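Novice: Sequence first, predicted model second:
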Amino acid sequence: MNRLQGKVSIITGAGSGIGRGIAEKFAEEGSIVVVADASPAGGEETVELIRAAGGTANFQQVDVTKAEDVERLAQDTIERYGEISVLVNNAGISSGDTLRIHEVTEEAWDRIMNVNLKGVFFCCKYVLPAMLERGGGSIVNIASAAAMGMGPRAAYAASKGGVASLTRSIAFQYGEYNIRANAICPGPVDTPMSRAARANGTYKQAPIVDLCVDRRGEPEDIAYAALYLASDESKYVTSDMMLVDGGAMRLRAEQFRNN
Amino acid sequence: MDRLTGKTSIVTGAGEGIGRAIARMFAHEGAQVVIANRNEAKGKETVELIKDAGGQATFIRTDVTDTEDVKRLVEETVAIYGKLDVLCNSHGVYGLDTREISDLPEGDWDLMMDTNAKGVFLTTKYAVPAMRTAGGGSIVNISSIAALAKSAQPAYAASKGAVNAFTKGVATQVAEFNIRANVISPSTIETDRRTELAQSAQYKNDFLAHTSEDEAAGSVEIINRVLPGFGEPDDIAYAAVYLASDESAYVTATVLPVDGGTTRTRTD
């Protein structure tokens, strides 16, 4: 399998869940993978999984809310591998969000915005010059179905709505330089993060879940969409909000006519 | 390449352009492909191209507006390959809209609705029972940016809008049978037919009189596209492989624009 042969991909939040699923799939398809995560334990484990399967990967400890961390991530990747062809902004949190926005603390709001939205800004800011130099690239942002409809968790939904808008603007700004930017909007996916949210009640009571497909998504479902968007197979695709949500959003389809 | 190995696929309008590219890509990925086309010579040409490349394909002459033809298409597909897993509707008529809706003959409206919208209904109607028997399937409908953006071709846009709405509705009905249905929404794709059309006397007369040459060259939707150049048939084919394959098992009732970024800049 070689759909990403010769590409160098940075994947944030690749130490668990969806990010790990994407990292493993990309490596399987021939990409060199930089596993960026705040947690060394999870990140190193992802690297081990990739290497055990015959892939190429290395770990970079990165807090995406710190500009110097992200700048170093981009610099180290260039030094080590010569270029950055793909950036997957997957790092995200939802802890501290509740089903009542008036109960959300300012600290929780700031933390969610910093990781989910400002982190994407930093990663794009420091990776785009490398993509301009290279003559093109693909940015894949993991937003959320919550960005496209009625997200039950408001702070999380707001941060992901910001990611969707940021994605469209980057697509607009950098299209002429052959840099594409798209977002994947996952619905319910079974990950450590979503399991934690369900366990503490911030997810279980959500009013909307109305799937067509009779199961929760798996990280691999998102990984295949990311693979399509990262590869040259999607060279005419930019600014898309790609729903991978088991059909959950269908009843509100008219709210977002592009999808 | 084996992303569609073992899948029996019907591709309508596979005698040229986008449909032919999809059929070839499906075969390249291991599918058995039924080329459903009204024009026999072109359809058989696609079969030859696939066979020359080592793939499996069969031509079944089909007018998608004819119930009997469509019924026979599905029956023969199942008779030949034993089942049906994928239906890709990529047939369509385009370019009949006149500049003024008041000048559009009723017959041209009917032709677009019969082919673009009713044709999708008929193929779906007969494909779904076969997919249920197969234990599931994927329906991929090729629509148009005209259904999402503001198009100066309102009748065509209406026919494709019907495809988008129909697809989402069908997706909700057939999900319980493990059948998915999604739309690909292309903008201007460089095909032989588009080039011919852009050079035709009628098209020039209807569009160039009111539009700059640059705009008319790609119809009106070119204006705000953010990626340079036109799309190619293979751009649509790759998206179709993704949606036809099990890689998109968690994706249904969606619209996937493959349009160089045109749609969103227009709707902003």
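Specialist: Structure's in. What do you need? Predicted, not measured: the structure shown is a model, and the values here were computed from it.
Novice: helix or strand right after the least confident helix or strand in chain B by mean pLDDT?
Specialist: One helix or strand of chain B scores below all others by mean pLDDT, DSSP states H and E: helix B:213-217, with a mean of 46. Downstream of helix B:213-217, the first helix or strand assigned by DSSP states H and E is helix B:233-244.
Novice: for that following helix, packing partners?
Specialist: With contacts defined as 3 or more C-beta pairs under 8 Å, 6 or more residues apart in numbering or on different chains; DSSP states H and E, helix B:233-244 has these neighbours: helix A:219-230, helix B:17-28, strand B:86-89, strand B:137-142, strand B:179-186, strand B:255-258. From N, CA and C alone the C-beta is placed, and that goes for glycine too.
Novice: between that helix and helix B:17-28, how big is the angle?
Specialist: 50 degrees (axes from the mean of the first three to the mean of the last three C-alpha atoms, to 10 degrees).
Novice: from the middle of its chain, how far away would helix B:233-244 be?
Specialist: Distance of helix B:233-244 from its chain centroid, counting by C-alpha atoms, centre = their mean, to the nearest Å, is 11 Å.
Novice: Of all the residues in chain B, which one is nearest chain A?
Specialist: Of all residues in chain B, residue B:226 sits closest to chain A, at 3.1 Å by C-beta to the nearest C-beta.
Novice: Check the helices and strands packed on helix B:233-244 for me and report the most buried one.
Specialist: Greatest average neighbour count among those goes to strand B:86-89 (a mean of 30), per mean count of other C-beta atoms under 10 Å in any protein chain shown.
Novice: Residue B:34 - that's part of a helix, no?
Specialist: No: under DSSP: H, G, I helix; E, B strand; the rest coil, residue B:34 sits outside any helix and is assigned strand.
Novice: What is the burial count for it?
Specialist: Residue B:34: 30 surrounding residues under other C-beta atoms under 10 Å in any protein chain shown.
Novice: Including mean pLDDT and distance to residue B:115, could the helices and strands packed on helix B:233-244 go into JSON lines?
Specialist: Formatted as JSON lines, those follow (pLDDT from 0 to 100; distance: least, C-beta to C-beta, whole Å):
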{"stretch": "helix A:219-230", "mean pLDDT": "98", "distance to residue B:115": "29"}
{"stretch": "helix B:17-28", "mean pLDDT": "97", "distance to residue B:115": "13"}
{"stretch": "strand B:86-89", "mean pLDDT": "98", "distance to residue B:115": "10"}
{"stretch": "strand B:137-142", "mean pLDDT": "98", "distance to residue B:115": "12"}
{"stretch": "strand B:179-186", "mean pLDDT": "97", "distance to residue B:115": "17"}
{"stretch": "strand B:255-258", "mean pLDDT": "94", "distance to residue B:115": "20"}
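Novice: Identify the residues contacting the most centrally placed residue in chain B.
Specialist: In chain B, the residue lying closest to the centroid (C-alpha atoms, centre = their mean) is residue B:90, at 2.1 Å. For residue B:90, the contacting residues are B:11, B:12, B:13, B:14, B:18, B:19, B:22, B:142, B:236, B:240, by C-beta atoms under 8 Å, 6 or more residues apart in numbering or on different chains.
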